[in-house]
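*Asks:* give me a model of this one.
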Amino acid sequence: MKRFVEGEDRRQATLLPACLDDYVAPDNPVRIIEAFVDELDLAALGFAGVVPEATGRPAYHPATLLKIYIYGYLNRVPSSRRLERETQRNLELMWLTGRLMPDFKTIADFRRDNGPAIRAACAQFVVLCRKLNLFTRAVVALDGSKFKAVNNRDKSSHGAGRVKAVSGRRA
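*Replies:* Below is the predicted model:
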């Protein structure tokens with residue numbers, strides 16, 4: 001991948017952890033995310049930035065940012081600020097990104113600029129999960145009740161008391 005910010009080799013020994021690959025189990029879901037995203041044709045899905053610019057600072061590859069996004073979706077981390085923190089302290093995300101740590105603005109801009117492409121990638125992910133029988137048949141019930149919220153100031157003890165204290169007389 002020329003002209004993109006490159007991550008570290010996962011097998012490179014460091015002080016802590018000794019080898020990042022040792023901390024991610026063979027059946028860890030991040031390995032599925034990596035394999036899935038690496039097999040996607042990001043340009044065909046409509047991701048921006050797949051072909052790097054010839055000048056300027058190298059950008060993060062869209063595959064790296066998509067891996068972060070999918071990881072956040074699967075682990076209920078929707079906030080780009082929280083995803084930024086997770087890339088700095090979470091071993092699974094360090095493994096997944098090769099220790100790249102994009103800031104929250106980069107993650108948020110990626111999400112904003114690639115909405116339809118992300119939805120298309122997630123749709124393919126759901127299809128893959130169904131093919132692998134990772135979804136179970138479960139019954140989900142939704143309560144669709146709607147109630148109109150009406151609270152007249154004259155009937156509410158809280159509202160009327162505040163009016164007296166502020167104005168000195170009742171309106």
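
*Asks:* other residues contacting the longest helix anywhere in the chain?
*Replies:* Counting residues, the longest helix in the chain under DSSP state H turns out to be helix 115-131. Contact partners of helix 115-131, identified using Cβ atoms under 8 Å, 6 or more residues apart in numbering, comprise 36-37, 40, 42, 45-48, 66, 69-70, 73, 111, 135. C-betas here are computed from N, CA, C, even on glycine.

*Asks:* just the buried subset of those, written out for ChimeraX, thanks.
*Replies:* This is the ChimeraX syntax for the buried subset of the contacts of helix 115-131, where burial follows 16 or more other Cβ atoms under 10 Å:
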select :36,37,40,42,45,47,66,69,70,111
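
*Asks:* got JSON lines for the contacts of helix 115-131, with distance to residue 148, secondary structure and pLDDT too?
*Replies:* Formatted as JSON lines, the contacts of helix 115-131 follow (distance: Cβ to Cβ, whole Å; DSSP: H, G, I helix; E, B strand; the rest coil; pLDDT from 0 to 100):
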{"residue": "36", "distance to residue 148": "45", "secondary structure": "helix", "pLDDT": "94"}
{"residue": "37", "distance to residue 148": "46", "secondary structure": "helix", "pLDDT": "95"}
{"residue": "40", "distance to residue 148": "46", "secondary structure": "coil", "pLDDT": "93"}
{"residue": "42", "distance to residue 148": "47", "secondary structure": "helix", "pLDDT": "94"}
{"residue": "45", "distance to residue 148": "43", "secondary structure": "helix", "pLDDT": "93"}
{"residue": "46", "distance to residue 148": "42", "secondary structure": "coil", "pLDDT": "92"}
{"residue": "47", "distance to residue 148": "44", "secondary structure": "coil", "pLDDT": "93"}
{"residue": "48", "distance to residue 148": "44", "secondary structure": "coil", "pLDDT": "89"}
{"residue": "66", "distance to residue 148": "42", "secondary structure": "helix", "pLDDT": "96"}
{"residue": "69", "distance to residue 148": "38", "secondary structure": "helix", "pLDDT": "94"}
{"residue": "70", "distance to residue 148": "40", "secondary structure": "helix", "pLDDT": "93"}
{"residue": "73", "distance to residue 148": "34", "secondary structure": "helix", "pLDDT": "89"}
{"residue": "111", "distance to residue 148": "35", "secondary structure": "helix", "pLDDT": "94"}
{"residue": "135", "distance to residue 148": "37", "secondary structure": "coil", "pLDDT": "72"}
